[in-house]
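Peer 1: Quick one, fold the following:
(one chain, ligands or ions: 1)
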Amino acid sequence: MTPLETLLRRRLRLTGPMTVAAFMQEALLHPEHGYYRRQPALGAAGDFVTAPEISQMFGELLGLWCLDYWERMGAPDPVLLVELGPGRGTLIADALRATRLRPAFHKALRLHLVEASPVLRGRQREALAPFAEQIAPAQWHDALAALPEAPLLLLANEFFDALPVHQFEHTGEGWRERVVVEPQIGAPLGFALAPPGPQIGLLDGPTREAPVGTLVEISPAGLAVAGEIGRRLVQHGGAALLVDYGYGEGQGWSLQAVQGHRRVENPLIEPGLVDLSAHVDFARLSRAAAERGARAYGPVAQGAFLEALGIRLRAQRLTRDADAGGRAGVEQALARLLDPQEMGTLFQALALTAPDGPAPAGFPALAV
Ligand code: SAH
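Peer 2: Got it, this is the predicted structure:
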């Protein structure tokens with residue numbers, strides 16, 4: 001039993017069942033034992049591999065996306081370059097390297113990183129070391145709210161999927177929230193449905209009308225971040241790009257646990273040692289930002305988005321002077337990022353902008 005499980009059982013005995021969101025919050029962010037507070041195992045040797053860790057092309061293209069938007073919005077100086085959950089710092093380092101041909105951009109940008117993990121903050125600092133001469137020192141924050149008020153360009157890859165979700169089921173007796181319980185002292189932790197209660201306030205009107213049998217996941221934390229991004233974009237201008245695995249319509253509950261690249265069947269096992277995540281509900285995130293006046297574009301499939309940004313040209317450049325092994329590596333990375341059976345369609349990109357700002361690159365249409 002992990003130390004965190006011991007603590008959670010004590011809490012369950014004292015105060016009764018906890019929501020899935022509360023469990024996720026503790027499992028990921030408990031100050032001492034949370035998965036992301038300890039040594040989150042990102043990368044080939046760890047629990048999961050993300051797009052920037054697959055290829056430098058991902059961070060480079062996202063960096064150029066920011067530069068393009070900055071130029072078309074009138075090149076404000078200063079501009080905040082913000083990343084939510086920068087992981088090992090690979091994406092932001094690739095983005096900075098790709099944009100160094102525009103010294104005015106590097107001079108204008110103020111790098112702000114929102115990161116919960118002290119270990120990863122250290123990795124990010126190392127990744128940024130090569131840019132110490134060109135950009136102002138980065139600042140780290142626990143939450144978006146702590147950022148200064150200014151125009152912003154914001155990137156978030158696989159950040160929203162790590163935010164806690166509440167799970168609801170529309171049963172014959174009305175909407176009920178799924179909770180975590182200890183069925184008997186010492187027995188494995190399990191799930192149950194709580195009696196109908198005030199938590200139902202988290203469901204909006206149209207959702208409550210959904211038929212009996214419907215399963216819904218809501219992330220108030222994610223909606224709050226999207227709303228805050230929207231407010232800042234409306235007030236100061238700029239653009240945000242959120243990339244994550246997307247929620248399919250009528251998908252139900254998507255909470256999943258991953259360890260060592262393998263899906264763990266029971267997400268309640270070994271809390272603190274296992275990564276928990278849920279698919280991202282882009283429609284709800286768009287609405288949360290739109291309610292603050294921001295404009296939403298997409299979501300578009302990651303493959304189509306990266307193709308629109310010119311990933312194939314970039315790949316050609318990279319392979320031009322490479323040996324056979326290098327060429328194969330780039331081809332393999334392209335396939336992983338673009339193919340529908342890999343990340344190409346499961347992952348999606350959503351852009352948010354100020355209502356009067358230019359349209360972001362790579363998005364053919366407004367979100368519906
Ligand atoms: N963007 C990176 C890492 C994704 S993993 C990549 O694509 O490789 C999720 C990241 O978000 C990690 O850096 C994790 O520590 C951070 N994170 C998770 N929940 C967070 C929270 N509530 N507040 C701040 N950072 C968080």
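
Peer 1: The residue in the stretch 201-350 of the chain that the ligand sits nearest to is in what secondary structure piece?
Peer 2: Taking C-beta to the nearest ligand atom, the ligand has its nearest neighbour within the stretch 201-350 of the chain at A221, 6.9 Å off. C-beta here means a position set from N, CA and C on the backbone, and glycine is covered the same way. Element membership of A221 [criterion: DSSP states H and E] is helix 220-236.

Peer 1: Give me the contacts around that helix.
Peer 2: Here helix 220-236 makes contact (C-beta atoms under 8 Å, 6 or more residues apart in numbering) with 21, 84, 144-145, 147, 149-152, 154, 160, 163-166, 202, 238-240, 242, 280-281, 284-286, 288-294, 352-355, 357.

Peer 1: next one: stretch 118-127
Peer 2: When contacts are defined by C-beta under 8 Å, 6+ apart, stretch 118-127 is touched by residues 36-40, 42, 86-90, 92-93, 113, 115, 138, 140.

Peer 1: For the nearest residue to P17 once chain neighbours are set aside, which three-state class applies?
Peer 2: Closest residue in space to P17, ignoring its immediate chain neighbours: V179 at 3.8 Å, by C-beta to C-beta, 6 or more residues apart in numbering. Secondary structure state of V179, per DSSP: H, G, I helix; E, B strand; the rest coil, is strand.

Peer 1: what's the spacing between V179 and P3?
Peer 2: To P3, V179 is 22 Å away according to C-beta to C-beta, to the nearest Å.

Peer 1: okay, these two: which has more neighbours?
Peer 2: Applying other C-beta atoms under 10 Å to V179 and P3 shows that V179 carries more neighbours, namely 23 against 12.

Peer 1: who's in contact with that one?
Peer 2: With C-beta under 8 Å, 6+ apart, V179 has these contacts: 17-20, 191-194.

Peer 1: Select only the buried ones of these in PyMOL?
Peer 2: To isolate the buried members of these in PyMOL, using 16 or more other C-beta atoms under 10 Å:
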select buried, resi 17+18+19+20+191+193+194
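
Peer 1: from the contacts of V179, which ones fall inside strands?
Peer 2: 18-19, 191-193 (DSSP state E).

Peer 1: Nearest to L61 among those?
Peer 2: Of all the ones in strands among the contacts of V179, L61 sits closest to T19, with 37.9 Å by C-beta to C-beta.

Peer 1: I'd say the closest one and Q199 touch.
Peer 2: Yes - counting by C-beta atoms under 8 Å, Q199 is a contact partner of T19 at 7.1 Å.

Peer 1: which neighbours do these two share?
Peer 2: Common neighbours of T19 and Q199 (C-beta under 8 Å, 6+ apart) are 166, 177.
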